[in-house]
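Asker: sequence first, then the predicted structure, then my questions.
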Amino acid sequence: MTSFERLTAAVQYQILNTLGFRELRPVQELTIDAVLDGKNCVVLAPTAGGKTEAAFFPLLSAMEAGDWRPVSVLYLSPIRALLNNQEARIARYAETIGRRVFKWHGDTGAPARRRFIQEPADILLTTPEALEAMLMSPKVPAARLFTGLRAVVIDEIHAFAAGDRGSHLAALLERIARFCRFDVQRVGLSATVGNPEEILRWVRGHSEREGAIVSPPRIGTAPKLALDYVASVPNAAKVIAALHPGKKRLVFVDSRRGAEELGRELLAGGVDAHIVHGSLAPAERRDAERAFQEKQDCVIVSTSALELGIDVGDLDHVLQIDCPATVASFQQRMGRTGRRPGATPNCTFLATKPEAVLQAAALLRLHRRGYVEPVRPSRRAFHIMAHQILALSIQLEGVGARDWFAWLDGATPFAEVTADQRAALVAFMLERGILIGDGGKLSLGPEGERRYGRRNFAELYAVFSTPRLVTVHWGTREIGTVDAEFLESLDTDQRRAAFSLGGRPWQVVRVDWGRGLCGVEPAEHARAARWTGAPGFLGHELVQAMREVLVSDDADPWWSRRAAEVVAGLRAEAMFLRDTPAPVIDGPNEITWWTYVGGRGNMLLARMIEAELGGRCVVRNTSITLKEAVGTSVAALRELVRRMGEEGRPGIADARRFARSCAGRMRLSKFQPCLPEELLEEFLIEALDVAAARVAVDAAR
């Protein structure tokens with residue numbers, strides 16, 4: 001029996017006749033077997049490789065054969081835009097066998113939610129944050145809704161697994177499992193992941209099902225790559241306008257501010273440009289996506305909002321301003337192209353700074369080798385555990401002090417949290433008034449209410465922190481949101497204050513700080529809006545590849561003449577790197593140690609140097625610069641590095657000692673105040689790269 005023949009007759013008929021499939025792709029055939037065999041699985045295939053069908057065809061077949069009752073399948077996405085994009089597609093497949101789909105996220109209206117609660121759909125599409133809100137809401141009968149749940153499909157699973165949102169999601173799956181009469185099957189979908197076995201272990205949780213990696217051989221056309229140096233955003237806009245006229249072009253920019261700046265330049269140059277990022281109103285984003293799908297000669301400028309699996313139609317070209325931070329992100333973006341038969345995937349990098357040329361050159365070399373960053377899920381996510389205790393205390397109107405962990409037991413993020421550490425966490429939260437104990441139950445305390453009780457506990461729906469935002473309106477039309485701090489920084493004369501949003505300039509007419517509203521009207525000129533965000537460090541492998549580019553003499557075929565000239569100039573400046581793996585350079589009143597191990601390793605080394613030698617260190621991805629007293633003696637630094645090497649340092653003990661002093665440069669959790677000192681140190685240690693720091697010490701000895 002073939003994989004296709006294992007599907008029910010009705011599903012087979014609909015695939016062939018209603019949906020018009022002539023044949024299934026290898027990934028779909030393999031996934032049908034894995035899913036119908038009842039396995040938890042991670043499905044790997046390129047963007048537009050048919051992963052959605054691979055998951056849903058066998059699930060719909062099982063749904064029909066087993067007469068599954070709603071809600072029987074949960075589809076989870078990392079972003080709302082992907083939910084919006086997938087809704088019609090999944091609904092069409094479900095409707096072929098008389099089943100229904102419902103989408104629930106922050107933009108879903110109350111009447112639609114009430115209808116769903118009264119008459120649940122077979123397949124629920126949502127995000128982890130919306131799912132948390134459902135569990136916490138007294139208006140949502142979660143136990144009734146999820147008692148018949150059979151399967152969970154997690155799209156773009158790599159975007160979840162390594163971060164706090166992944167830890168949150170893993171905990172949510174265990175909480176939902178308490179309501180279910182079945183061992184819920186878990187199916188993860190991804191185009192780019194370096195270690196799928198680890199992802200499979202992470203998503204399994206307490207499930208006792210067997211696991212499978214579905215990864216058919218990839219046969220594709222070699223991508224067409226180009227790296228050019230354009231020196232500025234206005235120049236980038238001119239190049240984009242001239243490149244590929246009459247074609248669709250998707251341009252990725254790695255910040256909302258950068259997207260606004262580029263979009264404004266393109267529009268000023270007469271280009272039919274549209275902007276997409278998370279701070280634009282849903283209607284604005286939908287208008288941009290619709291225009292891009294319907295038009296042919298246009299440009300859409302996007303942050304990572306369009307990186308994850310979203311279908312933007314037949315796309316001709318992807319361009320990247322500067323460089324993303326990971327190979328996985330680049331591959332997702334390039335995967336937007338080459339989707340038509342005979343088409344070639346492509347990506348053109350337009351670097352506005354010399355350092356961006358170097359980073360892009362290094363990233364493309366890693367890609368050529370087949371490298372993709374491994375995902376390393378946390379197994380000691382103390383801060384997410386604190387969040388889950390708070391969420392459970394609201395969901396259950398007080399969670400049992402003795403049995404709260406039963407709701408989370410089996411979740412990978414808590415696999416290495418000991419019973420003593422759990423007890424210490426609860427004791428500290430009680431001591432600080434974040435929790436209160438009453439009648440054997442844990443409930444939200446006064447300090448917990450103060451920190452997390454605003455806007456009906458909205459701070460507990462998501463594990464990530466959100467800045468204070470102000471909603472921008474032009475008449476009755478919502479444009480988007482801007483940071484309140486940015487709005488406060490503008491000229492105090494509101495009639496003179498202006499900013500761009502959606503690529504268009506707006507003049508501030510009035511601000512209602514109490515309601516969080518800003519009224520605007522069109523303007524002629526404005527500065528780009530600004531949003532807050534913690535700077536991120538590059539990974540060790542990418543920074544090492546940057547050093548490799550600098551110390552080699554060869555050129556890659558995708559470099560333009562201008563890019564090659566920039567690399568040649570950078571190589572001339574970095575000739576000292578060829579003499580030793582991690583040179584120490586003595587300069588005027590400062591010393592620079594060129595480690596090339598990434599910021600997370602350099603941060604730990606810098607704090608150790610300051611503790612031993614005094615002074616102040618400036619940390620970058622590629623180097624540590626010693627200033628003030630510590631920047632006067634190369635001999636002292638070399639002696640310290642020699643001793644560290646002989647002692648096998650840095651190690652975990654060093655990371656524990658300096659974790660708190662490193663925290664100022666790292667993104668912290670809003671649940672940090674819930675952690676006692678010993679657990680806070682353990683949490684911060686995971687943000688440091690001890691192994692990379694050791695590489696730097698060994699190289700410099």
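Answerer: Arrived safely, thanks for sending.
Asker: secondary structure element holding the spatially most central residue of the chain?
Answerer: Closest to where the C-alpha atoms of the chain average out (Cα atoms, centre = their mean) is A159, at 4.9 Å. Applying DSSP states H and E as the criterion places A159 in helix 158-161.
Asker: what mean pLDDT does that helix have?
Answerer: On average, the pLDDT along helix 158-161 is 84.
Asker: against which helices or strands is it packed?
Answerer: Under the contact criterion of 3 or more Cβ pairs under 8 Å, 6 or more residues apart in numbering; DSSP states H and E, helix 158-161 touches helix 164-177, helix 196-204. (C-beta placed from N, C-alpha, C; glycine too.)
Asker: report the buried residues of the first one.
Answerer: Neighbour counts over helix 164-177 (16 or more other Cβ atoms under 10 Å) mark 164-177 as buried.
Asker: the closest residue to Q544 other than its chain neighbours: neighbouring residues, count only.
Answerer: Sequence neighbours aside, Y596 is the residue nearest to Q544 in space, at 6.0 Å (criterion: Cβ to Cβ, 6 or more residues apart in numbering). If you count neighbours by other Cβ atoms under 10 Å, Y596 ends up with 26.
Asker: with A427 instead?
Answerer: Counted by other Cβ under 10 Å, the residues lying close to A427 total 13.
Asker: for E548, which of the helices and strands packed on helix 158-161 is the nearest?
Answerer: With Cβ to Cβ, the closest approach to E548 among the helices and strands packed on helix 158-161 belongs to helix 196-204: 26.4 Å.
Asker: which outside residues touch that closest one?
Answerer: By Cβ atoms under 8 Å, 6 or more residues apart in numbering, the surrounding residues in contact with helix 196-204 are 40-42, 44, 154, 157-158, 161, 166, 170, 186, 188, 190, 193, 211-213, 215, 374-377, 412.
Asker: neighbours of V417, how many?
Answerer: V417: 20 surrounding residues under other Cβ under 10 Å.
Asker: SS state for it?
Answerer: Here V417 takes the coil state, with states given by DSSP: H, G, I helix; E, B strand; the rest coil.
Asker: OK, contacts around it?
Answerer: Neighbouring residues of V417 by Cβ under 8 Å, 6+ apart: 380-382, 385.
Asker: what about it, distance to L675?
Answerer: Separation of V417 from L675 (Cβ to Cβ, to the nearest Å): 12 Å.
Asker: please enumerate the shared neighbours of the two.
Answerer: F382.
Asker: still on that earlier bit, out of the contacts of V417, which is most surrounded?
Answerer: Highest neighbour count within those: A381, with 30 neighbours (other Cβ under 10 Å).
Asker: hmm, that one is touching F414, no?
Answerer: Yes: the pair A381 / F414 is scored as a contact, 6.6 Å apart, by Cβ atoms under 8 Å.
Asker: for the helices and strands packed on helix 158-161, which one sits closest to W531?
Answerer: helix 164-177 (18.8 Å).
Asker: and the closest one, what does it pack onto?
Answerer: With contacts taken as 3+ Cβ pairs under 8 Å, 6+ apart, helix 164-177 sits against helix 128-136, helix 158-161, helix 196-204, helix 382-395.
Asker: for A237, which of the ones you listed is the nearest?
Answerer: A237 lies closest to helix 158-161 among the helices and strands packed on helix 164-177, at 29.2 Å (Cβ to Cβ).
Asker: centre of the chain versus that closest one, how much separation?
Answerer: The chain centre lies 7 Å from the centre of helix 158-161; the measure is Cα atoms, centre = their mean, to the nearest Å.
Asker: what residues does that helix touch?
Answerer: Contacts of helix 158-161 (Cβ under 8 Å, 6+ apart): 78, 128, 154, 165-166, 169, 190, 192-193, 198-199, 202-203, 308, 328, 375, 377.
Asker: is it fair to say A568 lies in a strand?
Answerer: No: counting by three-state DSSP, A568 is not part of a strand but helix.
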